[in-house]
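*Asks:* Here's my sequence, what's the structure:
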Amino acid sequence: MMFQRFRYNGLRRLASHERGVAAVEFALTLPVLLFVFVGVTQVGQAVSISRKVTMTARTVTDLATRTQSLTTSSLNSILQASTAVIAPYPSSTLSIIVSEVSTDSNGNATVDWSGAWPNNSNALTQGAPFTLPSSLAGDCITVIYGQVSYGYTPVLGYKVIGPITLKDSIYLYPRMSERVTYAGTTNTYPTCPAT
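*Replies:* The predicted model follows:
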């Protein structure tokens, strides 16, 4: 009888400690759950910004292809439109380059003109050789090249991961004419036979 009472009291005490066990388990798993939650939100934000970078490259380059000629003012307006596309993320770490690249009759590509935002000194050098992707390589072609980069710094864990540069680029053919002239430079186009 004494043994049964002792056994019954022991089981009752064990049952009363279940709340304490649950609290300890929660305390042990909480840091892991918070780490996973923060990690997922940071990765989700990086993916969202990466998609915005792609949309910005596409939009800015597409705007440049929809004209026959650009002035310095109109090119700056196109480049600054990127701030509306990248929103709601800040544009302080955004960098954009839009250039026209043409090939000569031998397939050698050079930069016809280039503009950059927010710092135009990042623009490609006019007349500099340029390597086109093999899918675009050919004689006497002209493309508008847009490149966007964005410096993303995670809110948490930036000391471990550090800032990440998200980049994208796109090539589009001019839509309104064979090439887009730019008043900000002296246009010297590669020599191609007349069509």
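
*Asks:* count of residues packed around the residue lying closest to Lys167 once chain neighbours are set aside?
*Replies:* What sits nearest to Lys167 in space, not counting adjacent residues and going by CB to CB, 6 or more residues apart in numbering, is Ser149, at 4.5 Å. Quick note: C-beta positions are derived from backbone N, CA and C, even for glycine. Under the neighbour criterion other CB atoms under 10 Å, Ser149 is assigned a count of 17.

*Asks:* I'd like the numbering to begin with 40 instead of 1 from here.
*Replies:* Sure, I'll start counting at 40 from here, so that last one is Ser188.

*Asks:* And the helix or strand containing Ser188, how far out from the chain middle?
*Replies:* Secondary structure from DSSP states H and E places Ser188 in strand 181-191. Here the centre of strand 181-191 is set off from its chain's centre by 9 Å, with CA atoms, centre = their mean, to the nearest Å.

*Asks:* pLDDT on the longest helix belonging to the chain, on average?
*Replies:* Taking DSSP state H as the criterion, the chain has its longest helix at helix 57-104. The average pLDDT within helix 57-104 is 83.

*Asks:* And stretch 119-134, by the same measure?
*Replies:* The model assigns stretch 119-134 a mean pLDDT of 88.

*Asks:* Same check on stretch 140-157?
*Replies:* Mean pLDDT, taken over the full extent of stretch 140-157, equals 87.

*Asks:* C-alpha coordinates for it, PDB please?
*Replies:* Extracted C-alpha coordinates of stretch 140-157, given in PDB (Å, rounded to 0.1, in the frame of the first residue of the first chain):
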ATOM      1  CA  VAL A 140      26.700  49.500 -78.500                       C
ATOM      2  CA  SER A 141      27.300  48.900 -82.300                       C
ATOM      3  CA  THR A 142      29.300  46.400 -84.300                       C
ATOM      4  CA  ASP A 143      31.200  47.100 -87.500                       C
ATOM      5  CA  SER A 144      31.300  45.000 -90.600                       C
ATOM      6  CA  ASN A 145      33.800  42.700 -88.900                       C
ATOM      7  CA  GLY A 146      31.600  42.200 -85.800                       C
ATOM      8  CA  ASN A 147      33.800  44.300 -83.500                       C
ATOM      9  CA  ALA A 148      31.600  46.000 -80.900                       C
ATOM     10  CA  THR A 149      32.300  49.500 -79.500                       C
ATOM     11  CA  VAL A 150      30.400  51.900 -77.300                       C
ATOM     12  CA  ASP A 151      28.600  54.600 -79.200                       C
ATOM     13  CA  TRP A 152      27.500  56.600 -76.200                       C
ATOM     14  CA  SER A 153      26.800  56.000 -72.500                       C
ATOM     15  CA  GLY A 154      25.100  57.600 -69.500                       C
ATOM     16  CA  ALA A 155      25.000  56.700 -65.900                       C
ATOM     17  CA  TRP A 156      23.100  57.700 -62.800                       C
ATOM     18  CA  PRO A 157      23.600  58.900 -60.100                       C
END
